[in-house]
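Participant: Any chance you could fold what I've pasted below:
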Amino acid sequence: MTYVPKGSAADGPYALAIDPKRAGWSYSQLRVVELEPGGTHSFTTGESEWIVLPLTGGCTVQTADGIIELLGRESVFSGVSDFAYVPRDARIQIASGAGGRFALAGAKCERRLPARYGSAPEVPVENRGSGGCAREVRNFASADAFDCDRLIAVEVITPGGNWSSYPPHKHDEHRPGVEAELEEIYYFEIEAHGDREGFGYQRVFPSREGGTDVLAEVRTGDAVLVPDGWHGPSIAQPGHAMYYLNVMAGPGQEREWRICFHPDHTEGYR
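Facilitator: As a prediction, the model looks like this:
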């Protein structure tokens, strides 16, 4: 199940639910919940830490320690959102007066960190690459921007016609100081224009014999799992910006994002 079309991993209240059992790995997980105006959703965090990230709309996140109010945003293409971190072994309720769609990015973890608010103005925004590879990376929960136990999560906006997640790279081996082993989920939304929904492409190819090999045409609500392998490029249809949320976690003792570029592209980001 490397390519996950919209609706194929729906489960109960979730439009998308990818957990370690479904993915066949150990740590990374992602849920997307859609709430009607006035709607609520409650869940138990279990052995995982989670970040509640508005994709559209705003919400409140109630924990045992209080209520975190998220202003959210109109859409993923309108700008950076604030977010809430909620710890393992907790009961959470999300409520939205106007309704919206909310990503729950999670990772199985050991430490129980405090629930916290992440403000939008404090999210580091990086302009990565140039020319046809220019894109915007929102490092809201990157390893050096926001404290978590294992979870790493970032957003990427790729302008229409551009490539991102390029050059191809991988993070499927533990090589101290060189590469960190991380399971990764790509969740996609494509900028629509009226009835024209738009699409993009995601490539993953083997880094070892029998490894992951997929070229997927992706649309809003789709996901691609990267248990191993070189991944990239992500390609946006001309005229339609591509959004993806990356959720990563792995077994390393140190929470870090260390990647290795494909040997044909050792120059890295340009």
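Participant: mind checking which helix or strand Ala98 is in?
Facilitator: Under DSSP states H and E, no helix or strand contains Ala98.
Participant: what's near enough to touch it?
Facilitator: The contact partners of Ala98, by C-beta atoms under 8 Å, 6 or more residues apart in numbering, come to 37, 57-58. C-betas here are computed from N, CA, C, even on glycine.
Participant: Now list the buried members of those.
Facilitator: 57-58 (16 or more other C-beta atoms under 10 Å).
Participant: Could you report the neighbour count for Pro121?
Facilitator: Other residues lying near Pro121 total 6 when counted by other C-beta atoms under 10 Å.
Participant: Assign it to helix, strand or coil.
Facilitator: Three-state assignment for Pro121 (DSSP: H, G, I helix; E, B strand; the rest coil): helix.
Participant: related to what we said a few turns ago, tell me the one among the contacts of Ala98 nearest to Leu215.
Facilitator: Gly57 (33.0 Å; C-beta to C-beta).
Participant: Which residues does the closest one form beta bridges with?
Facilitator: Here Gly57 sits in beta bridges with Arg73, going by DSSP bridges.
Participant: Now that it has come up, it's in contact with Gly99, right?
Facilitator: Yes - with contact defined as C-beta atoms under 8 Å, Gly57 and Gly99 form a contacting pair (5.8 Å).
Participant: Now the common contact residues for these two.
Facilitator: Leu35.
Participant: For the stretch 51-200 of the chain, give me the ranges with low pLDDT.
Facilitator: In the predicted model of the stretch 51-200 of the chain, no residue satisfies pLDDT under 70.
Participant: what number of residues lie near Lys21?
Facilitator: For Lys21, using other C-beta under 10 Å, the count is 9.
Participant: Then Leu53?
Facilitator: By other C-beta under 10 Å, neighbour count at Leu53 equals 25.
Participant: can you tell me how far it sits from Val61?
Facilitator: Relative to Val61, Leu53 is positioned 11 Å away (C-beta to C-beta, to the nearest Å).
Participant: Could you do Ala98 as well?
Facilitator: 15 Å.
Participant: ditto for Ala9
Facilitator: Per C-beta to C-beta, Ala9 is found 23 Å from Val61.
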